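**Q** Please find the sequence and the predicted model below.
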Amino acid sequence: MTQTQPQPDLSAWQTASREFTWALPGQGDFAAMAELDGLGQLHAIEQGLVPPPPVMATIDMNHFHAERGSVTCGMRVDTFHYNPLGGVHGGMISTLLDTAAGCSVHSTLAVGEMYTSLDLSVKFLRPVTLESGQVTCVGKVLSRGRRTALAEAQLVDEDDRLLAHATSSCMIFGGWASNS
């Protein structure tokens, strides 16, 4: 499927273009996925058994690894991530932080449980630019209860300097009968 949107006239400017492909959502063996716990579902994405979410292609995420209670993801900074001020747009940074924090909670889910993010609080600590190179985001579950979880994520550059930090509260639902 191709999506086109009206484009501004850029004829007076140097330009670049980017083409990317993503798997349409809803593919894969969802009956088999429903039988897995959250970590198993994330591993199925890592192993290519089900397609990754389209947002990974949108921002050019190039690394994803899940362990119980922790998820690592990353991307190489490129100019298409930039805002008008010459740094990576806060939404791109927030997407990485939200992915790492939320998926760290996902990695703790029992079979039949689901979650949704309730909030995301982000602190931007340093500019993220091309000089940041490959950025890595690590999310960890800080507290996991029956109905809520609290997670944090930290984004660092190639020199392991902290660029941004986030906390996320998540609501957990489903599967309560088996967790009584």
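**A** Yes, it's here.
**Q** Going by C-alpha atoms from here, please, whenever you check contacts or count neighbours.
**A** Noted.
**Q** Show me where the protein has its strands.
**A** 61-67, 70-76, 114-124, 134-144, 148-156, 162-173 (DSSP state E).
**Q** and of these, who's closest to residue 22?
**A** strand 61-67 (11.9 Å; C-alpha to C-alpha).
**Q** List the buried residues for that closest one?
**A** Buried residues in strand 61-67, counted by 16 or more other C-alpha atoms under 10 Å: 61, 63-67.
**Q** Off-centre distance for the top helix by length along the chain?
**A** As assigned by DSSP state H, the longest helix anywhere in the chain is helix 90-106. Helix 90-106 sits 4 Å away from the centroid of its parent chain (C-alpha atoms, centre = their mean, to the nearest Å).
**Q** hmm, back to that, so which of the strands of the chain gets nearest residue 32?
**A** When those are compared (using C-alpha to C-alpha), the closest one is strand 114-124, at 15.4 Å.
**Q** sorry, back to before: which two in the buried residues of strand 61-67 are spaced the farthest apart?
**A** Distance extremes for these: the farthest pair is 61 and 67 at 17.9 Å, using C-alpha to C-alpha.
**Q** circling back: generate TSV for the buried residues of strand 61-67, with pLDDT and distance to residue 138 as supplementary columns.
**A** Shown next, in TSV, are the buried residues of strand 61-67 (pLDDT from 0 to 100; distance: C-alpha to C-alpha, whole Å):
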residue	pLDDT	distance to residue 138
61	95	13
63	94	11
64	97	10
65	98	10
66	98	10
67	98	11
